[in-house]
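Student: sequence and predicted model, in that order:
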Amino acid sequence: MSATPLPASPSHGPAPLRLGIVGLGTVGIGVVKIIQNHADLLAVRAGRPLQITAICARDRTRNRDADISGYAWVDSPAELALRDDVDVLVELVGGTEGAAREAIELALDHGKDVVTANKALLAVHGQALAERAERHGRTIRYEAAVAGGIPIIKAISESLAGNRISRVMGVMNGTCNYILTRMQSAGLPYETVFEEARQLGYLEADPTLDVGGIDASHKLAILASLAFGTRVAFDAVEIEGIERISIDDINRAADMGYRIKLLGVAQITARGLEQRMSPCLVPSDSPLGQLEGGTNMVVVEGDSVGQIVLRGAGAGEGPTASAVMSDVIELARGVRMPVFGQPAAGLAAPQPARTAIPAAYYLRLTLADKPGALAKIATLLGDAGISIDRMRQYGHTVGGSAPVLIVTHKTTPEAIHHAMELLPRTGVVEGDPIELRIEEV
Ligand SMILES: NC(=O)C1=CN([C@@H]2O[C@H](COP(=O)(O)OP(=O)(O)OC[C@H]3O[C@@H](n4cnc5c(N)ncnc54)[C@H](OP(=O)(O)O)[C@@H]3O)[C@@H](O)[C@H]2O)C=CC1
Ligand SMILES: N[C@@H](CCO)C(=O)O
């Protein structure tokens, strides 16, 4: 970390930090509002005024829910990145390519620091961008990119820097948690809940990134890099989204004392770096099980500190803008950290490993109403070395099939995947069976 002396203004006090904001959507307008509403407080904390000089979005005519008339409007992000009256580019557009990437690269090349909430860009191009920033003696800060308002980037890169971290896990996508919890608690259909998430500003521009687990995996890959000193390895995350989860799964898991969460786990084992993002069952009465709505929770385990749990709003205008402002204030103070907590050249290339740690599993099958159907399933699982802990059959449907839930004793992911491949071949399983890992948390 380095601290540079603050530039002096010729007339009175330290010179303002001049911000160019690209993207005036949920997060961008949130940032504008904080700067307008708390100008004096921010200036005291930052040691100098924060001044928005230029702004940019796609549609100049759109109503922005804030007075932006005092700022220079620029039509192109690249043009904004090059302006002489911009010290810091605040990129709040999103996306791995195009306008966001081009503006960030230009800003770094022209000696400007960058603040961004763009986890997708960092997960895919983080290493190259970190090297680029270092070449120009600049930095990229991205507290808002992971878990919205939760200060997890700072926690790992600064507050826990004295620890060897063994595991980072948690719920990192507000949209998915909102959908999974609200459907159950309010008894609302998926479409209604999805629209509510949109109104709350939680969704990515492409919401399949949310429900497909990709957004959360971007975040997990960034945290793994920071925690383990490895290059960001998004391609190596084992990803499964929540698309296969039905309201029946949510309700039946609840019947058995569990909640379904899109859970990410990154850990270093003797075999390498494991990173997985998948819907899992967690006990209803556990802290993760009780996480409602757009709330996120991140758990970090360090050798000296033990377990740290951070919980808070994972998405939305205010929480995300709050995280952006923490980065802006640090830059105004003259504090510059390497992008991933250490010089980019020293980040190790990780050895990706698939999850092998045993767990209990929840299986949901629809069985044909035939004599011996259940026996066939029990035999198949037994032959695969999987022992059944609990089983529950629900009433037969009109067509004569019955949903069956099985909770296994601890078994390996390999054994479960093998059994899942064999189940359709028994001739008694209808549709696609579902398997979900049960995490002890
Ligand atoms: N929403 C959230 O809760 C969170 C979002 N993030 C991240 O923050 C970033 C912004 O998200 P969010 O505010 O929700 O997104 P929005 O879709 O609400 O806003 C995106 C903004 O970018 C502008 N924009 C899009 N393309 C261009 C372009 N080519 N040139 C100039 N401006 C452009 C849009 O302009 P216009 O308004 O004219 O269409 C809009 O103002 C993303 O990286 C997202 O992943 C991170 C954490 C939480
Ligand atoms: N779409 C993201 C925004 C916050 O990163 C979410 O739902 O968590």
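Tutor: Thanks, I have it. Ligands and ions are numbered 1, 2, ... in the order given.
Student: next up, the contacts around the residue of the stretch 101-250 of the chain found nearest ligand 1.
Tutor: Nearest residue of the stretch 101-250 of the chain to ligand 1 (C-beta to the nearest ligand atom) works out as Ala117 at 3.4 Å. (Glycine included, C-beta is placed from N, CA and C.) Ala117 makes contact with 27, 91-92, 94, 142, 144-145, 320, 323-324, according to C-beta atoms under 8 Å, 6 or more residues apart in numbering.
Student: for Thr116, same thing?
Tutor: Residues near Thr116 by C-beta under 8 Å, 6+ apart: 90-92, 100, 104, 122, 140-142, 144-145.
Student: so Leu188 touches Thr181, yeah?
Tutor: No: counting by C-beta atoms under 8 Å, Leu188 stays clear of Thr181, with 10.9 Å between them.
Student: tell me which residue of the stretch 1-150 of the chain lies closest to ligand 1.
Tutor: Relative to ligand 1, the nearest point of the stretch 1-150 of the chain is Gly25 (1.8 Å; C-beta to the nearest ligand atom).
Student: quick check: pLDDT value at that residue.
Tutor: Gly25 is assigned 98 on the pLDDT scale.
Student: now for it: which residues touch it?
Tutor: Gly25 sits next to 57, 92, 201 when contact means C-beta under 8 Å, 6+ apart.
Student: sorry, back to before: neighbour count winner among Leu188 and Thr181?
Tutor: Thr181 (21 against 16; other C-beta atoms under 10 Å).
Student: that one touches Glu292, doesn't it?
Tutor: Yes: Thr181 lies in contact with Glu292 (C-beta under 8 Å); the separation is 4.9 Å.
Student: how many residues are close by the residue nearest to Glu238 when sequence neighbours are not counted?
Tutor: Spatial nearest neighbour of Glu238, excluding adjacent residues (C-beta to C-beta, 6 or more residues apart in numbering): Arg276 at 4.2 Å. Using other C-beta under 10 Å, Arg276 has 23 other residues around it.
Student: among the contacts of Ala117, name the ones in helices.
Tutor: Secondary structure from DSSP state H places 27, 320, 323-324 of the contacts of Ala117 in helices.
Student: nearest to ligand 2, of those?
Tutor: Nearest to ligand 2 out of these is Thr320 (C-beta to the nearest ligand atom; 6.5 Å).
Student: would you mind listing what in the stretch 151-300 of the chain touches ligand 1?
Tutor: For the stretch 151-300 of the chain, the residues in contact with ligand 1 (C-beta under 6 Å from any ligand atom) are 201-202, 204-205.
Student: redo that, cut-off 5 Å
Tutor: 201, 205 (C-beta under 5 Å from any ligand atom).
Student: quick one: low-confidence parts of the stretch 151-300 of the chain?
Tutor: Filtered on pLDDT under 70, the stretch 151-300 of the chain yields no residues whatsoever.
Student: now do the strands in it.
Tutor: In order along the chain, the stretch 151-300 of the chain carries the following strands (DSSP state E, counting those that start in this stretch): 165-171, 238-239, 258-269, 272-283, 295-302.
Student: and the shortest one, which strands flank it?
Tutor: When sheet partners are counted by DSSP bridges, strand 238-239 sits next to strand 272-283 (parallel).
Student: any part of the partner strand near ligand 2?
Tutor: No: figure legend: strand 272-283 not in contact with ligand 2 (C-beta under 5 Å from any ligand atom); closest approach 12.4 Å.
Student: pull out the buried positions in that strand.
Tutor: By 16 or more other C-beta atoms under 10 Å, the buried positions in strand 272-283 come out as 273-283.
Student: from these, which is closest to Leu422?
Tutor: Closest approach to Leu422 among these (C-beta to C-beta): Ser278, at 20.8 Å.
Student: what ranges does the stretch 1-150 of the chain have for its helices?
Tutor: Counting by DSSP state H, counting those that start in this stretch, residue ranges of the helices within the stretch 1-150 of the chain are 26-37, 39-46, 77-82, 99-109, 119-135.
Student: Ala315 is nearest to which of these?
Tutor: helix 26-37 (8.6 Å).
Student: quick check: buried residues in that closest one?
Tutor: Under the neighbour-count criterion of 16+ other C-beta under 10 Å, helix 26-37 has 26-35 buried.
Student: same list (the residues you listed) but as JSON lines, adding distance to Ser246.
Tutor: Compiled in JSON lines, the buried residues of helix 26-37 are given as follows (distance: C-beta to C-beta, whole Å):
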{"residue": "Thr26", "distance to Ser246": "29"}
{"residue": "Val27", "distance to Ser246": "32"}
{"residue": "Gly28", "distance to Ser246": "36"}
{"residue": "Ile29", "distance to Ser246": "36"}
{"residue": "Gly30", "distance to Ser246": "34"}
{"residue": "Val31", "distance to Ser246": "38"}
{"residue": "Val32", "distance to Ser246": "40"}
{"residue": "Lys33", "distance to Ser246": "39"}
{"residue": "Ile34", "distance to Ser246": "40"}
{"residue": "Ile35", "distance to Ser246": "44"}
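Student: the residues you listed: which two are farthest apart?
Tutor: Greatest spatial distance in the buried residues of helix 26-37: Thr26 and Ile35, 15.7 Å, computed using C-beta to C-beta.
Student: any idea how many residues pack against Ile247?
Tutor: By the measure other C-beta under 10 Å, the count of residues near Ile247 is 14.
Student: name the element the residue lying farthest from the centre of the chain belongs to?
Tutor: Relative to the C-alpha centroid of the chain, counting by C-alpha atoms, centre = their mean, Pro371 is the outermost residue, at 46.3 Å. Counting by DSSP states H and E, no helix or strand carries Pro371.
Student: check what pLDDT it gets.
Tutor: Predicted confidence (pLDDT) for Pro371: 86.
Student: for Asp40, see how far away it is.
Tutor: Distance, Pro371 to Asp40, using C-beta to C-beta, to the nearest Å: 78 Å.
Student: swap in Val22?
Tutor: Here the criterion is C-beta to C-beta. By it, Val22 lies 26 Å from Asp40.
Student: looking at the two, which is more packed in?
Tutor: A direct count of neighbours by other C-beta under 10 Å for Val22 and Asp40 places Val22 higher, at 28 against 9.
Student: near ligand 2, which residues of the chain?
Tutor: So the chain meets ligand 2 at 173-175, 202, 204, 210, 314-315 (C-beta under 5 Å from any ligand atom).
Student: max pairwise distance over the residues you listed: which two?
Tutor: Longest span within the residues of the chain next to ligand 2, C-beta to C-beta: Glu204 and Gly314, 12.6 Å.
Student: tell me which of the two has more neighbours.
Tutor: Applying other C-beta under 10 Å to Glu204 and Gly314 shows that Gly314 carries more neighbours, namely 31 against 20.
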